[in-house]
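# heads up, no residue letters with this:
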């Protein structure tokens, strides 16, 4: 596992339609410890996805530093697994081949990578779907594959970009509970982007609120684990924390 | 009603088992209409022969061996030209599709040359290469080239950026991304390009054979005109349609079903 440290991170880009520079992220400093679970919330356009894309190495930063356990990030790499809102599964690969993709790129032999894939699919309750194509699965199942595909590559950091935003509400709650369970077992460092305040409080140890590309607040979430929706919907601390974060987001 | 349903059920099962025969069946009304018009004798028989006469002519040409020989010539020319065209077009399309600058520079040029379709080149080609195989091959390669290049470029540019990012963050190198993500993603478009290219190529070939040919289906039809044999011309026309149907339904459609439709990228 690795820690993620952002130092004075900024991102500006030129908008040819407006004819001016736009600042997406401004002097953002943030420390995410090894094995921590941090959720980043904020209204749309606050720069949260840009932050994740810079940590993932998809988008170059303008200034500042991104350090993974002390080493500066240069482009995408397998040490940072990414889960996308659009799932981003390879449509021409079966579920098993999708999950085995990371190990395949590392040069793991076919029998071994299939064994790894099957093990992870079993963990997500997807063994029966291993030979199907992604388009044949429901949205919830597709995103389970997306999460498991990232995990099967043993990343040090898991970057999740609104991963449950496009699945239905019931499935979303199940996926959230499954994610906390997986995190408790394996303790990867997680950066979770969302606009859903309750989701952020439910999942994370710390909720970071962004507004207009700046850090607005950091809220610790001392709720005990394992967490389940059945218990937390009535929990006073959960309600109070959610309210506080919501106020912060709305004030932004 | 039940007899009708029984018949319908029988037909559905039968046509599922023999899709080729079912396709022929859809031509039945057309053939009947043709026979009816001939029977009315509005036009003299020499100008408009009936289905049976055309069938007789087809049998005669088959029996003499001319039809198969000429068909073989045409198919070989198309295959060679199309293979050469694809071998040029797919790598070219990949290079242009992957490079934004190359795309911006070459796209207008590609569209420009696509518009100067096949036979528009024949006058100048006849001056350059004369009446021969070179001219015909050039026309086919040219006609196949542009639809395949254009569609390959489109296919590569329409691969979702998240898929490339996903592959990058799973540790894929650039060549692996090309072969595991970009090419499979572009495949449905490439197949569309091939389908268009082969269709245009087939038409261009017939036109070229009419003008420069010494054999082939196009030549057969034009030669028949000299002899005043309308039956032979109609045989040629029917062979053209049949052959395209076979290429499309036996080669192209199965490939499409196994790729784009299977993956949910193209709805059937």
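Looks like it came in fine. Please read all numbers here as calculations on a predicted model, not as lab measurements.
# which residues of chain B lie near chain A?
Counting by CB under 8 Å from any CB of the partner chain, the residues of chain B lying close to chain A are B:160, B:162-163, B:165-173, B:176, B:180-181, B:184-185, B:187, B:259, B:262-265. In this view, the C-beta of every residue, glycine as well, is placed from N, C-alpha and C.
# 6 Å instead?
Within reach of chain A by CB under 6 Å from any CB of the partner chain, chain B has these residues: B:162-163, B:165-166, B:168-172, B:184, B:263-265.
# out of those, which comes closest to residue A:99?
Nearest to residue A:99 among the residues of chain B next to chain A: residue B:170, at 10.1 Å, using CB to CB.
# okay but residue A:207 is in contact with residue A:39, surely?
Yes - with contacts counted by CB atoms under 6 Å, residue A:207 reaches residue A:39, the gap being 5.0 Å.
# overlap in contacts, the two.
Common contact partners of residue A:207 and residue A:39 (CB atoms under 6 Å, 6 or more residues apart in numbering or on different chains): residue A:200.
# list the contacts of whichever residue of the stretch 51-200 of chain A sits closest to chain B.
Closest contact between the stretch 51-200 of chain A and chain B, by CB to the nearest CB, is at residue A:135 (2.5 Å). Each residue near residue A:135 by CB under 6 Å, 6+ apart is listed here: A:91, B:264.
# would you agree it falls within a helix?
Yes - assessed with DSSP: H, G, I helix; E, B strand; the rest coil, residue A:135 lies in a helix.
# hang on, residue A:66 in a strand?
Yes - counting by three-state DSSP, residue A:66 is part of a strand.
# so what's the residue count around the residue found closest to it once you drop the neighbours it is linked to in the chain?
When the adjacent residues along the chain are set aside, residue A:66 lies closest to residue A:73, with 4.3 Å between them (CB to CB, 6 or more residues apart in numbering or on different chains). Residues lying near residue A:73 (other CB atoms under 10 Å in any protein chain shown) number 19.
# nearest residue to the residue of the stretch 51-200 of chain B found nearest chain A in space, please, no chain neighbours.
The minimum distance from the stretch 51-200 of chain B to chain A, using CB to the nearest CB, falls at residue B:171 (3.3 Å). Computed as CB to CB, 6+ apart, the closest residue to residue B:171 that is not its neighbour in sequence is residue A:78, at 3.3 Å.
# ok, that neighbour - how many residues close by?
With other CB under 10 Å as criterion, residue A:78 counts 19.
# then residue B:146?
Residue B:146 has 24 neighbouring residues, counting by other CB under 10 Å.
# so which strand or helix has it?
helix B:133-157 (DSSP states H and E).
# please point out which parts of that helix sit buried.
B:135-156 (16 or more other CB atoms under 10 Å in any protein chain shown).
# same question for stretch B:233-248.
In stretch B:233-248, residues buried by neighbour count (16+ other CB under 10 Å) are B:233-236, B:239-240, B:243, B:247.
# and the stretch 101-250 of chain A, which residues reach chain B?
Going by CB under 6 Å from any CB, the residues of the stretch 101-250 of chain A near chain B are A:101-102, A:105-106, A:133, A:135, A:153.
# which residues sit in contact with residue A:114?
With CB under 6 Å, 6+ apart, residue A:114 has these contacts: residue A:100.
# repeat the analysis, applying 10 Å as the threshold.
A:96-97, A:99-100, A:103-104, A:108, A:130 (CB atoms under 10 Å, 6 or more residues apart in numbering or on different chains).
# farthest-separated two in those residues?
A:108 and A:130 (17.0 Å).
# which of these two has more neighbours?
Comparing residue A:108 with residue A:130 by other CB under 10 Å, the one with more neighbours is residue A:130, at 19 against 15.
# right, and the more buried one touches residue A:122 too?
Yes - with contact defined as CB atoms under 10 Å, residue A:130 counts as touching residue A:122 (9.2 Å).
# could you find the closest non-adjacent residue to residue B:218?
residue B:209 (2.8 Å).
# kindly list the main-chain dihedrals of that neighbour?
The phi/psi pair for residue B:209 (degrees, to the nearest 10) reads phi -70, psi -40.
# check it and give its pLDDT.
For residue B:209, the pLDDT comes out at 88.
# likewise residue A:83?
At residue A:83, pLDDT is 96.
# next one: residue A:246
So, for residue A:246, pLDDT stands at 95.
# just the buried residues of the helix or strand containing it, please?
Assigned by DSSP H and E, residue A:246 belongs to helix A:236-251. Buried positions in helix A:236-251, judged by neighbour count with 16+ other CB under 10 Å: A:238, A:241-242, A:244-246, A:248-249.
# could you pick out which of the residues of the stretch 101-250 of chain A next to chain B are located in strands?
In strands, judged by DSSP state E, none of those are found.
# the stretch 51-200 of chain A: helices as residue ranges?
Per DSSP state H, counting those that start in this stretch, the stretch 51-200 of chain A carries helices over the ranges A:95-99, A:101-105, A:110-123, A:139-151, A:169-186, A:197-203.
# so which pair among the residues of the stretch 101-250 of chain A next to chain B is furthest apart in space?
Across those (CB to CB), the longest gap, 26.7 Å, separates A:106 and A:135.
# mind listing what the residue nearest to residue A:66 touches?
A:4, A:6, A:54-57, A:61, A:65-67, A:79-80.
# change it to 7 Å
A:55, A:57, A:66 (CB atoms under 7 Å, 6 or more residues apart in numbering or on different chains).
# got phi/psi on the second one?
Okay, so that is residue A:57. According to degrees, to the nearest 10, residue A:57 has phi 90, psi 10.
# so what pLDDT did it get?
pLDDT at residue A:57 comes out at 95.
# ok, it - contacts?
Counting by CB under 7 Å, 6+ apart, residue A:57 touches A:73-77.
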